[in-house]
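In: Have a look at this fold, sequence not included:
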Ligand code: SF4
Ligand code: FE
């Protein structure tokens, strides 16, 4: 079933017995839990859009392995055109959901595992490329959602990985080796969309050194495997979702994103699920390629959500009767300029892609890192301008219950009325602004823009490596007429 309907997706999740916790309690019915539903609805959108003729070109691709039509989120990029469509698909999805839609991690991981496992096998004669391809084809043909697990809890960042200063489980590692597989222990932080995924792919958090072989481990595992526990992260205003009949106060009642701390407590991983096992010299390549792919992704998804932010700002300006003021127009233009710059580098890093030894196309590493570094700044400015336009009422307006109260509702209706618009619609727009700036979507727009796909310093490290300062010194020397060979 290369393309599932969203109903089939939900039915497939319902069959799994997963161990998910929220606020100290196990979630017995994850399908119907209000905290998890918006995240699943965002993911359902990836299925629904793939079946719409209007979006088919962006949302689907042809598998180079089977010739089947598959969801683009499970595709290996076969051309620069594929990468262009990837960015456009992510912008569309951001526009549709106004949140993180959570399915990109596997897409970016797959395109890093594909060339890395190929090169490991070439050097060591291992079978990881075959293992990975088999898994990927199953994901394509069964239209699975796979979460990605990169970031270890780490504890003290100064402590040596695997050293004796702190608990070794602060990094996922192999604790037992058996003829048929390995047993792993540890945890991974902020795993996007994991509570509504079928499987998870785990990879090392960073480059590894000789002596850290047990920590250089990568594999896939179904999320109902014994020993896996997911603890859902709190989000600002999240318990509004638990209020009876919650709607207006949520700002975005339909969609959302979710992250969870995920624990692997003596989880058995069969040999055929393993993609890296002790080859420390390849952990860095894997992380670097995944990071670049995901940093390119932010040019698509964040510009899509940025469109929602700009739309909400323009709408509230209309409702407030300030739409024609020149400073408001100027702010909307500035928001658009910043947003298109994010998109532009997403598109550019795909346009400058290169072909790996395995044959897939990898984004330009420098441009993808610059793209993400801009994402750590511009959404903050875009949101600041939206807050400026919306006014303080964005955070002081009465609740939906007050609006609907037989006693005080008439006051809310009377005093919150906008320019040719009801108090209810004005409130809906203000709550959307609040959600994007400070509520649950802030996780997917603001703070995720800072730390998702790596914090700013990680991009600066890569930009330092890719910036080619030696070449730039040479071109400067030539123009200045300097002939000495000293490069400092
Ligand atoms: Fe996709 Fe963006 Fe969410 Fe990453 S942050 S999973 S790229 S929507
Ligand atoms: Fe993310």
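Out: On my side now, so go ahead. Treat the numbers as computed from the prediction; the structure is a model and nothing was measured. Residues are numbered from 1 along each chain as shown. Ligands and ions are numbered 1, 2, ... in the order given.
In: residues near the residue of the stretch 251-400 of the chain found nearest ligand 1, how many?
Out: Residue of the stretch 251-400 of the chain nearest ligand 1, by CB to the nearest ligand atom: residue 301 (3.1 Å). Where you see a C-beta, it was placed from the backbone N, CA and C, and this is true even at glycine. By other CB atoms under 10 Å, the residues close to residue 301 number 33.
In: Close to ligand 1: what parts of the stretch 101-250 of the chain are there?
Out: Neighbours of ligand 1 within the stretch 101-250 of the chain, by CB under 6 Å from any ligand atom: 101, 102, 104, 105, 192.
In: now, the most widely separated pair of those?
Out: 101 and 105 (10.8 Å; CB to CB).
In: So, low pLDDT: which residues of the stretch 1-150 of the chain?
Out: Residues of the stretch 1-150 of the chain meeting the criterion pLDDT under 70: none.
In: so where do the helices sit in it?
Out: 6-14, 37-50, 56-59, 80-97, 104-124, 128-142 (DSSP state H, counting those that start in this stretch).
In: which helix in the protein runs the most residues?
Out: Of all segments of type helix in the chain, defined using DSSP state H, the longest is helix 283-320.
In: how long is stretch 91-105 from one end to the other?
Out: Using CA to CA, to the nearest Å, the end-to-end distance of stretch 91-105 comes to 15 Å.
In: Same check on stretch 8-19?
Out: With CA to CA as the measure, stretch 8-19 spans 21 Å from end to end.
In: State the distance from residue 99 to residue 119.
Out: 36 Å (CB to CB, to the nearest Å).
In: that older thread, the residue of the stretch 251-400 of the chain closest to ligand 1: what's it in contact with?
Out: 90, 91, 93, 94, 100, 101, 104 (CB atoms under 8 Å, 6 or more residues apart in numbering).
In: got those residues as a markdown table, with distance to residue 270 and neighbour count columns?
Out: Putting the contacts of residue 301 into a markdown table (distance: CB to CB, whole Å; neighbours: other CB atoms under 10 Å) gives the following:
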| residue | distance to residue 270 | neighbour count |
| --- | --- | --- |
| 90 | 33 | 29 |
| 91 | 38 | 25 |
| 93 | 33 | 28 |
| 94 | 37 | 23 |
| 100 | 31 | 27 |
| 101 | 31 | 30 |
| 104 | 27 | 26 |
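In: The spatially closest residue to residue 171 that is not a sequence neighbour: how many residues sit nearby?
Out: Nearest residue to residue 171 in three dimensions, chain neighbours excluded: residue 152, at 4.5 Å (CB to CB, 6 or more residues apart in numbering). By other CB under 10 Å, 21 other residues sit near residue 152.
In: ok but residue 152 is inside a strand, no?
Out: No. Under the criterion used here (DSSP: H, G, I helix; E, B strand; the rest coil), residue 152 is coil, not part of a strand.
In: higher neighbour count, residue 99 and residue 119?
Out: A count of neighbours by other CB under 10 Å puts residue 99 above the other of residue 99 and residue 119, at 31 against 19.
In: in the stretch 151-300 of the chain, which spans are strands?
Out: With strands called from DSSP state E, counting those that start in this stretch, the stretch 151-300 of the chain shows them at 173-178, 181-192, 199-202, 217-222, 228-232, 259-270, 274-277.
In: any chance of those strands in CSV, plus mean pLDDT and mean neighbour count?
Out: Listed next are the strands of the stretch 151-300 of the chain as CSV, based on pLDDT from 0 to 100; neighbours: other CB atoms under 10 Å:
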stretch, mean pLDDT, mean neighbour count
strand 173-178, 98, 15
strand 181-192, 97, 21
strand 199-202, 98, 25
strand 217-222, 98, 24
strand 228-232, 98, 20
strand 259-270, 98, 19
strand 274-277, 98, 23
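In: Using TSV, lay out these together with distance to residue 318.
Out: Shown next, in TSV, are those (distance: least, CB to CB, whole Å):
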stretch	distance to residue 318
strand 173-178	56
strand 181-192	34
strand 199-202	44
strand 217-222	48
strand 228-232	37
strand 259-270	34
strand 274-277	52
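In: buried stuff in stretch 396-407?
Out: Across stretch 396-407, burial judged by 16 or more other CB atoms under 10 Å covers 397, 398, 400, 401, 403.
In: From these, which land in helices?
Out: If you go by DSSP H, those have 400, 401, 403 in helices.
In: Give me the residue at the spatial middle of this protein.
Out: Centroid-nearest residue in the chain, with CA atoms, centre = their mean: residue 102, separated by 5.1 Å.
In: can you tell me how far the closest residue to that one other than its chain neighbours sits from residue 145?
Out: Among residues not flanking residue 102 along the chain, residue 193 sits closest, at 2.8 Å (CB to CB, 6+ apart). Separation of residue 193 from residue 145 (CB to CB): 7 Å.
In: Now for those two: what residues contact both?
Out: 43, 103.
In: how far off helix 283-320 does the strand or helix carrying residue 389 point, in degrees?
Out: Applying DSSP states H and E as the criterion places residue 389 in helix 378-390. Here helix 378-390 runs at an angle of 10 degrees relative to helix 283-320 (axes from the mean of the first three to the mean of the last three CA atoms, to 10 degrees).
In: Would you mark the buried spots in helix 378-390?
Out: Result for helix 378-390 [16+ other CB under 10 Å]: buried residues 378, 379, 380, 382, 383, 385, 386, 387, 389, 390.
In: swap in stretch 435-454?
Out: Neighbour counts over stretch 435-454 (16+ other CB under 10 Å) mark 435-446, 448-449, 452-454 as buried.
In: that older thread, distance to residue 225 and pLDDT for the ones in helices among the buried residues of stretch 396-407 - can I get that in CSV?
Out: Putting those into CSV (distance: CB to CB, whole Å; pLDDT from 0 to 100) gives the following:
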residue, distance to residue 225, pLDDT
400, 41, 97
401, 43, 97
403, 46, 98
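In: wait, does stretch 47-63 contact ligand 1?
Out: No. Using CB under 6 Å from any ligand atom, stretch 47-63 stays clear of ligand 1, with a minimum separation of 13.8 Å.
In: Next, the buried residues of that stretch.
Out: Judged by neighbour count using 16+ other CB under 10 Å, the buried positions of stretch 47-63 are 47, 48, 49, 50, 55, 58, 59, 60, 61, 63.
In: so how far does it reach from one end to the other?
Out: 17 Å.
In: Give me the residues contacting that stretch.
Out: 2-6, 8-9, 46, 68-72, 75, 82, 85, 88-89, 92-93, 96, 137, 140, 143.
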